[in-house]
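J.: have a look; sequence and predicted model below, questions after that.
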Amino acid sequence: MNQRELMVRRPGGKRVRRRRRRQNALLRRCFLPAAALCLLFAVCIVGFKPDASAQGDKTLAAENTSYRANVLPQTEPDFSLLVPEPITDDQQQPGSVPPAASGSPRASAPDKDSWNLILVNPWNSLPADDTLSLTELQNGLSVDSRCYPDLQAMMDACRADGLSPVICSAYRTQEYQEKLFQNKVSRLIAQGYSEADAAVEAGKSVAVPGTSEHQLGLAVDIVDINNQHLDESQESTAVQKWLMEHCWEYGFILRYPNDKSEITGIIYEPWHYRYVGREDAEQIHSLGVCLEEYLEGAS
C-alpha cells in the first residue's frame with residue numbers, strides 16, 4: 001500500500017503526524033534540561049568529601065554528649081551552699097557587709113579554752129600563761145593582733161554610715177589597771193566609803209587588776225565623738241545604737257548588757273565591747289545571752 005492509499009484510508013493523518021511532532025519537540029525541551037540537572041546533582045554528591053576536622057568535631061561532640069549523659073549530674077548546681085572566702089583586712093572595704101551568715105547554727109559547742117572565748121570576770125582571773133601579740137592603733141592604743149582586722153572593719157563600716165566612733169580605751173597593762181582601780185577606790189573613800197566597802201564598790205565599775213578584759217587585749221571602750229562620757233547616756237548616741245545593732249557582725253558583743261549585771265558582776269556599760277569571733281558573736285546575739293551564760297550553756 002502506497003502513501004497515497006494510506007492517506008485515503010486514514011482521514012486526518014496529516015494532522016496526527018503534526019501533533020506527534022509537536023509533542024516530541026515539547027518533551028525534548030522539558031526532559032533534557034531536567035535530566036542534565038539531575039546528572040549534575042548526582043556528580044556533586046558523589047564527588048563531595050567531608051572535611052576531616054568537621055568529622056572530628058562531630059565525633060568529639062558525640063563523645064561529650066555521651067559523657068554528660070553518663071557522668072555529669074542532670075540537675076542544676078545549687079550555689080546557695082557556697083560560702084564566701086573570708087575578707088582580709090586589706091580587702092575589707094568601708095561599709096562592706098561582713099561574711100556572716102545570719103541565723104546559721106553553730107557546727108559544734110563553743111570551746112571555752114579558745115583564745116577568743118577566755119572568760120575573765122570578778123571570779124575568773126587572767127590565765128597565768130597568757131601571751132599577747134599587739135597591734136597599735138592610730139591613737140596609740142593597742143589591741144590583740146588577732147582581733148584587729150575585724151575591729152578595723154567595724155570602725156570603717158560605722159564611719160561609712162556617717163558616724164564618728166572613738167576608741168577611748170583598749171589593751172591595759174597590769175600596772176595601768178592597778179592605777180585605775182586605786183583611783184576609783186580613793187574617790188569612793190573621799191565620798192565616805194570605808195576602805196573595804198570602797199574596794200567592793202569600785203570593782204563593780206573598774207575591774208580588779210588581773211580580772212579585766214582590757215588586759216586580754218580583746219576589749220575596747222567606744223564612745224561617740226559628740227558624747228565622750230562613760231555613762232548610760234552613751235546608749236542614746238548614734239554610734240552606740242549602730243554598734244549595738246551591728247557589732248556582732250564583726251565578732252564583737254556588748255559585754256555588759258543592762259539586765260545581766262548580776263551574772264557579769266559589772267554594771268551596765270553601753271560602751272564596752274568584747275571580741276569573741278564572728279561565729280560565737282552571732283550565736284550570742286541570736287540567743288540574747290551574755291558571755292557567762294553562753295559558756296555555761298556549753299558545759
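T.: That came in fine, so what should we check first? The model shown is predicted, which means the values in this text are computed figures rather than measured ones. Numbering: from 1, shown residues only.

J.: tell me where the stretch 51-200 of the chain has strands.
T.: Taking DSSP state E, counting those that start in this stretch as the criterion, the stretch 51-200 of the chain contains strands spanning 134-136, 142-144, 165-169.

J.: and these as a markdown table, adding mean neighbour count and distance to H246?
T.: C-beta here means a position set from N, CA and C on the backbone, and glycine is covered the same way. Converted to a markdown table, the strands of the stretch 51-200 of the chain look like this (neighbours: other Cβ atoms under 10 Å; distance: least, Cβ to Cβ, whole Å):
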| stretch | mean neighbour count | distance to H246 |
| --- | --- | --- |
| strand 134-136 | 15 | 22 |
| strand 142-144 | 20 | 18 |
| strand 165-169 | 17 | 11 |
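
J.: so which of these comes closest to T237?
T.: strand 165-169 (9.4 Å; Cβ to Cβ).

J.: who does that closest one pair up with?
T.: Strand pairing for strand 165-169, determined by DSSP bridges: strand 219-224 (antiparallel).

J.: list the buried residues for the helix or strand that comes right after the strand it pairs with?
T.: Taking DSSP states H and E as the definition, the helix or strand that follows strand 219-224 towards the C-terminus is helix 238-246. Of the residues in helix 238-246, A238, V239, Q240, W242, L243, M244, H246 count as buried by neighbour count, 16 or more other Cβ atoms under 10 Å.

J.: show me what helix 238-246 is packed against.
T.: Helix 238-246 makes packing contacts with helix 148-160, strand 219-224, strand 252-254 when contacts are defined by 3 or more Cβ pairs under 8 Å, 6 or more residues apart in numbering; DSSP states H and E.

J.: what mean pLDDT does that helix have?
T.: Taken as a whole, helix 238-246 has an average pLDDT of 98.

J.: what's next to it, contact-wise?
T.: Outside helix 238-246, the residues that touch it by Cβ atoms under 8 Å, 6 or more residues apart in numbering are 154, 157-158, 161, 163-165, 222-225, 234-235, 252, 254, 270-271, 273.

J.: which among those residues end up buried?
T.: Neighbour counting with 16+ other Cβ under 10 Å marks 154, 157-158, 163, 165, 222-224, 234, 252, 254, 270-271, 273 as buried within these.

J.: mind listing the helices for the stretch 51-200 of the chain?
T.: Under the criterion DSSP state H, counting those that start in this stretch, the stretch 51-200 of the chain carries helices at the ranges 52-70, 148-160, 174-190, 195-202.

J.: how much space between A128 and G210?
T.: As for A128, its distance to G210 is 10 Å (criterion: Cβ to Cβ, to the nearest Å).

J.: neighbour count winner among these two?
T.: When A128 and G210 are compared for neighbours, G210 comes out ahead with 14 against 6, by other Cβ atoms under 10 Å.

J.: is it true that that one touches N124?
T.: No: with contact taken as Cβ atoms under 8 Å, G210 and N124 are classed as non-touching, separated by 10.1 Å.
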